[in-house]
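> Sequence and computational prediction follow.
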Amino acid sequence: MSLALEMQHITKIYGEVRANDDVSIQAAAGEVLCIIGENGAGKSTLMNVLYGMTRPDGGTIRIGGKEVSFRSSRDAMRHRIGMVFQHFMLVKELSCQENIIIGMEPAKHFVIDRKAAKTKIEALMDQYGMRVALEKPAGELSVGEQQKLEIIKVLYRGADIIILDEPTAVLTPQETAELFVNIRQLAAAGKTVIMITHKLDEVMQVADRIVVMRMGKVVGETKPADTDVHGLSVAMVGAEIPPMRERKETRKEKALEVCGVTCRNEDGIAVLDCLSMVVNKGEILGIAGISGNGQPELARVVTGLLKPQEGKVLLMGEDITAHDRKKRIQDGISFIPEDRNSTGACLDWSIEDNCIAGYQDRFTGRLDVIDREKARTFTESMIQAFRIKTPDGRLPISSLSGGNCQKVIVARETAFQPELVVAAEPTRGVDIGAISAIHNHMIELRNEGTAVLLISSSLDEIFELSDRIAVMFEGKLTALLDPKQVTREEIGLYMSGAKREEELQWEKS
Amino acid sequence: GGGAEQTQAAAENGEAAADDKVKVTFITTETGLGDRSFNDSTWEGVQRAEQELGVEISLIEPKSVADTGTSIISAVNSGSDLILGFGASWTDAFDEYCERFPDVYFGGLNCSAQADNLQVAKSADHEGSFLAGALAAMMSESGTVGCIGGQDADNINRFIVGYEEGAQYINPEVEVLKSYVGSYTDPAKGKEYSLQLMGAGADVIFQVAAGTGEGVFEAAKENEGLYAIGVDSDQDYIVEGKILTSVVKNCGNIAYDMIKSVQDGTFESGEKVYNLANGGVGLTEMQYTKDLIGEENLGKLDEIKEKIISGEIQVTDIFEQQ
Amino acid sequence: MENILNTAFRSLPPLLLAGLGGMITARVGLLNLGLEGMMLVGAFTAVIVNYFTGSAFAGLLAAILVCSIMGLVFAVFYLKFKVDNIIISVAFNMFAVAITQYLLGVLFGTSGAFASDRIRKLPEVAIPFLDQVPVLRALNSLSIVFWLALIITAVMSFVINRTTWGLHIRATGLNDNAVNTAGVNATRVRYICVILSGSLCGMAGAYLSTGYLAMFTNNMTAGRGYLGNIASIIGNRTAGGALAGSLLFSFTEGITMKIQTFGFPSQLIQLVPYLAAFAVVIASACRKRSRRRAKA
Amino acid sequence: MGKIVRAAARPVVTILITLAIGAVMIINAGESPAKAYGILFYGAFGTGIGILNTLAKATPLIFTGLAAALADIVGVFNIGVEGQLYLGALAAAVVGVYAGGLPAGLLIPLCILAAMLVSVLWAMIPGYLNYKLKINIFIMFFMMNNMAALFTEYLANGPFKGNITEAATDKVDKAARLYRFSVYSDLNAGFLIAIALVAVLWFVLKKTRTGYEWYALGKNRTFSEYIGLHAGKKALCVLAVSAMISGLAGAEQVLGTMGRFYANFSNDLGFTGISIGLLAANNPIGVLIFAIFFGALNSGGILMAAGTNVPGDLIEVLQSLMILMVSADFVIRKWKPKAVKKEGK
Ligand SMILES: Nc1ncnc2c1ncn2[C@@H]1O[C@H](COP(=O)(O)OP(=O)(O)OP(=O)(O)O)[C@@H](O)[C@H]1O
Ligand SMILES: Nc1ncnc2c1ncn2[C@@H]1O[C@H](COP(=O)(O)OP(=O)(O)OP(=O)(O)O)[C@@H](O)[C@H]1O
Ligand SMILES: [Mg+2]
Ligand SMILES: [Mg+2]
């Protein structure tokens, strides 16, 4: 196999952080290379260097054996490198076709030749078996389709080396499976695919070769055949992952009751359809479901961010339907939102300011003044308790890696003895070390008697944490299952709507 | 008292030293110099005083009504003996500052303030405008004449009412079209409004609109049969032969007189009227349009002028009505 | 009626050109309030060059050139030094009024106004047969800039919607990260658009001082730059919309004069286009709302 | 130490360049640059009266700067300051005229309240339309500036026209006039209000929970709702406060400086205020500093015109160059082009 790509001795230093420290990787044509590593290990930095977005402080890149140097992504593109970013780079208002051709438009005298563009794209879509509706605005596509669009965009540019940064973080299992089929097709067609991910089972599925990074360095290289998920995780973290905490027996007492909640969106469609449920104290109720079935709305209704048109929400027997978000925070409902960057944290703010967010009342003294001393002490204690990697709580939270940022949110949302924690995708985009820390913390909460409503698109997580599993389909809960007695396949049937229970027995246990 | 403080202020500034030259500061309206109208003509008078009387002069061009006070204070601080402010909005400023600075003389124009150290020139613009209106009606072939004002305000309407009465005096049937542009700095609109008035039949247009009026002249220049009348200073030269005349009030002379009186120590407070009788206002020489207008008409104008002076013709002064 | 049309057409070009200038920068995410100042400098340059060369076209070209340079300066401060556009605009507008006055003094020893017989006017386009047609007569003998402005509107509309540059412009305003990662230099697109808005203002200014009139007077743009901006906003940042918006204003101008004769205060009449614009945006917002409801 | 020197060097150099450009022009105008600049600086800061005048010119800018900054903090770019100021000024004048006869202790607060109220009502039109119909507020503010100028001019020329030849109201009652510190300057009690406002806002923004929540609102709407704020309503409230401050600016100009409302009196006070807010990165103390900087240019400029042969226009050329140069140096905040968002969204 000929080497399509060689990166040698790449070094990139940000201030005092050696984001990449003498990193060398290589990849052949037709190969799928997975790069794994903790949050902040330097994966994205390495890819940004490869795509010409950042210039390395040292090291060389060779494409097809020839040394190159990139001043911008345009240069990288010229050398047939394409990148699909974790946060998609699409112009939502423009059509898919326009998104694909921008920067490389087929044109006669600067007038875009739409027909030619269409023909070319159609041919590509046929060749790789990926389809999107070309006339639709990109913003109207689902996340999975948007990702396809991004890949088509890269292929359209004639890329031979395709970089995917955490492509599966926001995909449903179905979409992930489809993506992997596409990736194999690309590899079969002789493309080099470099994929970054935190999900080790995916790595085992799709990779030809695996590179492990830690603290800016390459610490290992292996093949799926030579290792297993455990081996990979040890290589990544550099130590054994601590085992899951024991579950304690807890009293079953109703904490949250949702009664017949209906919620229509702006288009008048019922995203929550007369939904009822119960979460007990000291219980983790996992909500499984394909995304787009009303999970975010459920979380928002429970936490007071969305007013239902019908139905009631009760906490410890008290009707709190009329309580707004602020009141519900005081009631003891805390919320780990699925999108930490835009909802859970204010990226421009310091870690300290983020640590008190939502609970600012508790840190407010006379004259409405925020007690900074108290806030600082609190932040320090959170940083210690959760081993958040930062030199100082006054630094902006954007200086933290994704996993550490998520830890800040989890720490905050569990610090004030909540009655109920609504955790939506609590470990999305987070490395396994941090995942284990967060999972353990949630079990601990449960053991202390807190009710936890867990919403996750990862069945692994649901199975690992839940005391009971409810399946959500088209705005309703269609099954209530015991994780010890149900298989993934069966849950899959419920999730796809092929099967449903007649009436859910909330009081059973 | 104010006096002591004031000298202290002046001394602090170090400007008014032992120099016994009279120092004059002219503060323009917000339009500033370059209006080819009364700011310019006042400034000319002030400059003439500098040359002929040897006074020291300076100029302030405030950008907003709110700057008036600061401008006066700056003028006082730089050691001025006489401050000229010829805008209509100066009544307030005089009311306030004349009292505060009793050692400084002030000169104003057409405002209603009174103080011991203030002389207000009252120019009978309505009388001059009456003549202009009469001339317009004489020259109009269509029996329709027009006038364009910068803003619908009393100081503008004072001209317009005089003009209207003058036109009606000559021809009771005459139609006088009036239009306000809403800006003093928009010649494009001034021209457009003139063309509209022309479209409605007007063949002589009187402008009382400062910079906007430049557009009226432009319209006259481009359209045969359309004549304009200027205002405030002799604007006849701007379009030779097409500007019938201008209603002049000769602010330059007013300013010069005031400066001279301060230098001579004959400054008198109170009102001083500038009207047709004492030559303070009037029409221009009409050097470019004399032949066009003709002896007969000129004679008639002289007659009317005499009648106004003698009081036989009463021109409405809307300031008086208030 | 014909009078109103005439006025409307004659006062259209500066509004339209400024509107297009505002539109093109709005398309790349910049509200260019400096149009006013650039237009004034354009008006000044056109008159001066016209005066010294005796050619109206030389004046027009010079105005376009000088204003393009001003656009470039704007862009450098905005894109390179990252100064906020409002600050630049305030400075630009202040600078324009002052520098034109100052230079008038330096060059001709006058201030306020400058007119001369040596200033040639930009030619008018006579369409002889139109003279016979009643209402359309108003289209006869309009300045060449009027027709140029219309052509530019059409061209810009075409360029933005159909060409590669247009795609880059549209995308830059919506998501410049996407544009950059697609290998198009979004900053360069912005530079070009800001410079282009300068040239359009130059043309607008030249029309005002050598097409509409043959003179320069202090601050003669009298708010047309701002109106142009508003026109482009009303027109939803499209070339055709800018045309519609500027027509709204220029027609009001014609109507204002007429209605005044009936004793309406001119200020209230001048409020009409704004009220109309408000009505338009409110109506369209309500419609959007009810359409969503209807879908349910 | 070296760092500080280097940080200070750039602005100093740019100001020097601006001054050098100006010097060429001043020499061209037949004056000595040293003398002209001397008077400029002396006029602004050299004498007690100069300082008073500088502060007097800064006063309305402090208000408009704060108004713009405050709204910007919660993510509403209040470009409508200029229009709100006109409405506020007119309201203060009308009350000051028609409620004349009341004692000062009653009349002044009444005038100020009226100014704030009317200004808020004016700002709430687009505010509410934006809240309910999601119409782009920026566009509405922008149009309403022109509307405010026309509308107040109509009122001052029609229903509320005073006994004066210009489009202006009558003079407000003596009791409504704000106290002046010296007969040599327009500086009045409005300045104290401005300073108090700077202090209060600084305190609120930097120290209190309210400030914390306002910042949250501006940085990230979804986040602010998540932490328990009614984002839309709260932003509307802060916009109201911003409009109140704009109204105060108008009231100060009428009650403190001019004594009556003149149509079109504001020489871009609103836009200059917005620039100041931006330059100061929305920091109230920064607003104070930059307002004084602009005030100094203004008051020193007037004296420079009076004391030299340098034409007033040249001073404005210099001022505009300085604004550009200084802002190029001081604006260090994270930059993102402010998209003119489509109406609705
Ligand atoms: N632009 C930057 N400025 C300063 N530091 C940076 C920058 N980009 C990355 N870093 C730092 O470099 C280190 C590596 O970051 P990188 O983005 O490569 O991590 P990653 O492996 O992609 O993490 P994740 O798994 O969370 O995506 C981190 O410590 C990060 O804080
Ligand atoms: N300009 C910067 N300064 C400091 N740190 C930065 C900067 N840009 C990126 N980083 C850090 O680099 C790390 C990796 O960035 P990346 O975009 O991959 O986000 P992430 O950690 O993967 O989070 P998520 O998966 O939630 O998007 C993050 O921790 C981020 O905070
Ligand atoms: Mg990353
Ligand atoms: Mg990540």
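Received it, and whenever you're ready, just let me know what you need. The shown structure was predicted, so the numbers you read here are calculated from the model rather than taken from an experiment. Numbering: from 1, shown residues only, chains lettered A, B, ... in the order given. Ligands and ions are numbered 1, 2, ... in the order given.

> In a helix, residue C:22, correct?
Yes. Assessed with DSSP: H, G, I helix; E, B strand; the rest coil, residue C:22 lies in a helix.

> how far away is it from residue B:129?
42 Å (Cβ to Cβ, to the nearest Å). C-beta here means a position set from N, CA and C on the backbone, and glycine is covered the same way.

> burial measure for residue C:168, as a count.
Using other Cβ atoms under 10 Å in any protein chain shown, residue C:168 has 22 other residues around it.

> tell me which element it falls in.
Assignment of secondary structure by DSSP states H and E places residue C:168 within helix C:164-174.

> pretty sure residue A:481 contacts residue A:491?
Yes. Using Cβ atoms under 8 Å, residue A:481 is in contact with residue A:491, at 6.8 Å.

> Mutual contacts of these two, please.
In terms of Cβ atoms under 8 Å, 6 or more residues apart in numbering or on different chains, residue A:481 and residue A:491 are both contacted by the residues A:469, A:471.

> Quick one: residues contacting whichever residue of the stretch 101-250 of chain D sits closest to ligand 1.
Nearest residue of the stretch 101-250 of chain D to ligand 1 (Cβ to the nearest ligand atom) works out as residue D:219 at 19.6 Å. Residues near residue D:219 by Cβ under 8 Å, 6+ apart: A:346, A:348, A:349, D:75.

> what's the most distant pair in these?
Pairwise distances across the contacts of residue D:219 peak at 14.4 Å for A:349 and D:75 (criterion: Cβ to Cβ).

> Within range of chain C, give me the residues from chain B.
With Cβ under 8 Å from any Cβ of the partner chain as the criterion, chain B comes near chain C at residues B:31-36, B:40, B:152, B:177-183, B:185-189, B:191-193, B:195-196, B:199-200, B:211, B:214-215, B:218, B:238.

> run the last query once more with 7 Å
Residues of chain B lying close to chain C by Cβ under 7 Å from any Cβ of the partner chain are B:33-36, B:152, B:177, B:179-180, B:182-183, B:185-188, B:191-193, B:196, B:199, B:211, B:214-215, B:218, B:238.

> In the stretch 201-322 of chain B, what residue comes closest to chain C?
Using Cβ to the nearest Cβ, the single residue of the stretch 201-322 of chain B nearest to chain C is residue B:211, 4.7 Å away.

> can I assume that residue sits in a strand?
No. Going by three-state DSSP, the assignment for residue B:211 is helix, not a strand.

> Hmm, it is touching residue B:184, no?
Yes. Between residue B:211 and residue B:184 a contact is recorded at 5.6 Å, counting by Cβ atoms under 7 Å.

> Which residues are in contact with each of those two?
residue B:31 (Cβ atoms under 7 Å, 6 or more residues apart in numbering or on different chains).

> Settle this for me: residue B:195 is touching residue B:220, isn't it.
No. Applying Cβ under 7 Å, one finds residue B:195 not in contact with residue B:220, separated by 10.5 Å.

> Chain neighbours aside, what residue packs nearest to residue C:103?
In space, and not counting its chain neighbours, residue C:103 is closest to residue C:44: 7.2 Å by Cβ to Cβ, 6 or more residues apart in numbering or on different chains.

> in which helix or strand would I find that neighbour?
Using DSSP H and E, residue C:44 maps to helix C:35-53.

> Equivalent analysis for residue A:275, please.
Using DSSP H and E, residue A:275 maps to strand A:270-280.

> That strand pairs with which strands?
Strand pairing for strand A:270-280, using DSSP bridges, gives strand A:254-264 (antiparallel).

> Now the partner strand: buried residues?
For strand A:254-264, burial by neighbour count (16 or more other Cβ atoms under 10 Å in any protein chain shown) applies to A:254, A:255, A:256, A:257, A:258, A:259, A:261, A:262, A:263, A:264.

> Which helix or strand contains the closest residue to ligand 2 within the stretch 51-200 of chain C?
Using Cβ to the nearest ligand atom, the closest approach of the stretch 51-200 of chain C to ligand 2 is made by residue C:177 at 12.2 Å. Element membership of residue C:177, judged by DSSP H and E, is helix C:176-181.

> is chain B contacted by the following helix or strand past that helix?
Note on helix C:176-181: by DSSP H and E, the next helix or strand toward the C-terminus is helix C:186-207. No. Judged by Cβ under 7 Å from any Cβ, helix C:186-207 and chain B are separated, with a smallest distance of 9.4 Å.

> Could you quantify the relative orientation of helix C:186-207 and helix C:164-174 as an angle?
Computed by axes from the mean of the first three to the mean of the last three Cα atoms, to 10 degrees, the angle separating helix C:186-207 from helix C:164-174 equals 110 degrees.

> Could you name the helices and strands sitting against the helix holding residue C:44?
With contacts taken as 3 or more Cβ pairs under 7 Å, 6 or more residues apart in numbering or on different chains; DSSP states H and E, helix C:35-53 sits against helix C:2-27, helix C:56-75, helix C:85-108, helix C:186-207, strand C:215-217, helix C:224-234.

> Let's have the ones you listed in CSV, adding mean neighbour count and mean pLDDT.
Converted to CSV, those look like this (neighbours: other Cβ atoms under 10 Å in any protein chain shown; pLDDT from 0 to 100):
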stretch, mean neighbour count, mean pLDDT
helix C:2-27, 27, 92
helix C:56-75, 23, 97
helix C:85-108, 23, 89
helix C:186-207, 27, 96
strand C:215-217, 29, 91
helix C:224-234, 29, 89
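
> for the residue of chain B found nearest ligand 2, what are its contacts?
Proximity of chain B to ligand 2 (Cβ to the nearest ligand atom) peaks at residue B:63, 44.0 Å away. Contacts for residue B:63 (Cβ under 7 Å, 6+ apart) come out as B:30, D:267.

> What does it show for phi and psi?
Note on residue B:63: its backbone torsions stand at phi -100, psi -10 [degrees, to the nearest 10].

> pLDDT wise, what is it at?
With respect to pLDDT, residue B:63 scores 82.

> where do the helices sit along the stretch 1-150 of chain D?
In the stretch 1-150 of chain D, the segments counted as helices under DSSP state H, counting those that start in this stretch are D:2-28, D:33-41, D:48-73, D:81-98, D:104-133, D:137-157.

> from chain C, which residue is nearest to ligand 1?
Nearest to ligand 1, among the residues of chain C, is residue C:177, at 14.2 Å (Cβ to the nearest ligand atom).

> Give the full set of residues in contact with the closest residue to that residue other than its chain neighbours.
With sequence-adjacent residues excluded and distances taken as Cβ to Cβ, 6+ apart, residue C:177 is closest to residue A:89, at 5.7 Å. Applying Cβ under 7 Å, 6+ apart to residue A:89 gives the contacts C:177, C:178, C:181.
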